[in-house]
Every structure is written in C-alpha cells, then in structure tokens.
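> I'd like to go over a predicted model; first the sequence, then the structure.
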Amino acid sequence: MARYRRSLWLLTARDLKVRYTTSALGYLWSIIDPLLMAAIYFFVFVLVFNRHVPGQEPYIVFLVSGLLPWTWFNGAISDTTRAFTSEGKLIRSTTIPRTIWVGRIVLSKGIEFLLSIPVMVVFVLATGAPVHWEAVLWIPAIILQAALTFGLGLIIAPLVVFFRDLERAVKLILRLLFYASPIIYGLNDLEKMHLTFWGAFNPLAGIIGLYRSAFFPKDLNWFDVGVSVALTALIVAVGILVFRRTIRTVLKEI
C-alpha cells in the first residue's frame, strides 16, 4: 500500500512539475483562471446588471467561493477524459493499480485548488467579509468533492477509450453543468421557479454550500449536503463497478 501511495504522489508531482516548470507564469496559472472568471462575472452581474441579493453580499466572495471548487472539478473531469488515451504505453507497462491514473489527476487538480485559496483570502480581506466557524466544513467539502470527482473519473476514463466522442460530450456537459450548479447564484434563487428541491439533487450543490458556509452560513442546507453525500457514494460505487468490468478491455485498446 505504501508503494502505491508513493506511486500516486510521484505521478501527481510529475503532473504539477510539468504544469509549472514548462510555462512562464507557472504557479500564477492556478490563480489567473478563477480570478479572470470572477472578474468577468462580477462585471456582468454587479456592474452591468446591478445585482444585489440579500445574504449574498459581498457578491465577489459569494462568487469566488463557488468558482474555486468548480475550477477543480471542471479541470479534473476534463483531464480524466484523457487519463488512458494520452499515456497508453506507460499504463500498460506498469503494474500499479490503474485507478491511480485517475487518482493522480484528482489529486493534482486538488492541490492546484489549495494553491488558489489565496485568491479567496485576498477578496475576503479586501471586502471585510466575516469568516464564521463553518470554515472548518471546508475539510469535509474537500474530501467529498475529491470522492465525487474520483468516482466520475472512474466512469469517464475507461468509457472514453471505447467512445472517443465522449470526450467532446463531457466538455459540453460541463458547460451546461456550470450554469446548472449554484455557482453564480444560490439554490435559494431558484425558489421562485420552484426548483430549489430539484436543484439539491445536483451533487455539487451541497458541496458548494459547505464551502460557502464559511462566509454565508445561511446558505448551508443540510438536506443538500445529505443528498450530495448519498449521490457521491452512489457515483463512487458505480465508478468502481464500471472500472473493474472495463479495465482489462481498456488495456487491450490503448
């Protein structure tokens, strides 16, 4: 088990090293992406449409607390579509568990998420947003998001080998999922359309609620969190089943 953990860390470190040493900006890329997205949505919703919703002020903190987790999720899921197709020879020649090839993507993107937290700190300090005790819920939020992303990766990574068009389909689904998730809005905003209950069945809803509760404790709904936990457990179970039943054929195809 220790050898497998070491293999996971070595592959993760390799990914991070390639990302940061082969680009001029290096670590700054972990900050630029969420920072640019936050600036765009802040300009559109606050400066252009003059959005001011009670319970979501300062809106830039509300926005970034959803964008940072989304950047991790979006990047990891996008990369898992190439987990097996990009390094087929290396995967076939090693004896380490093939789940590590999905796990190292989730872990490397998770580390990038942690490295982007200074963006949140800057906005919290600049706006004077209060930090509540619910900040400790970031720990279960990170664990839950890692499990959800890993479970989805176990489903997507092998299926892309058989259905190459799935890679493009996943990118399209991620675009739709961004707007279907409470990132630029809260689940309470769906109340007028009577969609709050159904919005909770997006597994990201409860996870984002945990992150936001550090600054907006009223945004935390334990029903949403419970649904996220249940759906994550289901997705991980399905992912393990799909992975075990397809991995032998995958190794022959790559």
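Looks like it arrived, so ask away.
> show me what contacts Tyr211?
Tyr211 sits next to 65-66, 68-69, 137-138, 141 when contact means Cβ atoms under 8 Å, 6 or more residues apart in numbering. (Each C-beta comes from the backbone N, C-alpha and C, glycine too.)
> residues of the longest helix along the chain that come out buried?
For the chain, the longest helix by residue count, based on DSSP state H, is helix 222-253. Under the neighbour-count criterion of 16 or more other Cβ atoms under 10 Å, helix 222-253 has 224-225, 227-229, 231-232, 235-236, 239, 242-243, 246-247, 250 buried.
> same question, stretch 76-92
Neighbour-count burial for stretch 76-92 flags 76-81, 83-85, 91 (criterion: 16+ other Cβ under 10 Å).
> run through who's touching that stretch.
By Cβ under 8 Å, 6+ apart, stretch 76-92 touches 98, 101-102, 105-106, 109-110, 149, 152-153, 156-158, 160-161, 164, 166-167, 170-171, 174, 250-251, 254.
> then stretch 55-69?
Applying Cβ under 8 Å, 6+ apart, the set of residues contacting stretch 55-69 is 34, 37-38, 41-42, 45-46, 51-53, 113, 116-117, 119-120, 123-124, 127-129, 141, 145, 181-184, 186, 188, 204, 207-208, 211-212, 214-216, 218-219.
> Arg212 reaches Asp219, doesn't it?
Yes - at 4.6 Å, Arg212 and Asp219 qualify as touching, with contact defined as Cβ atoms under 8 Å.
> overlap of the contact sets of the two?
Shared contacts of Arg212 and Asp219, defined by Cβ under 8 Å, 6+ apart, comprise Gly186.
> separation between the residue positioned nearest the centre of the chain and Arg244?
Compute the mean C-alpha point of the chain, and by Cα atoms, centre = their mean the closest residue is Phe73, 1.7 Å away. Per Cβ to Cβ, to the nearest Å, Phe73 is found 24 Å from Arg244.
> and what of Leu115?
From Leu115 over to Arg244 the distance is 33 Å, taken as Cβ to Cβ.
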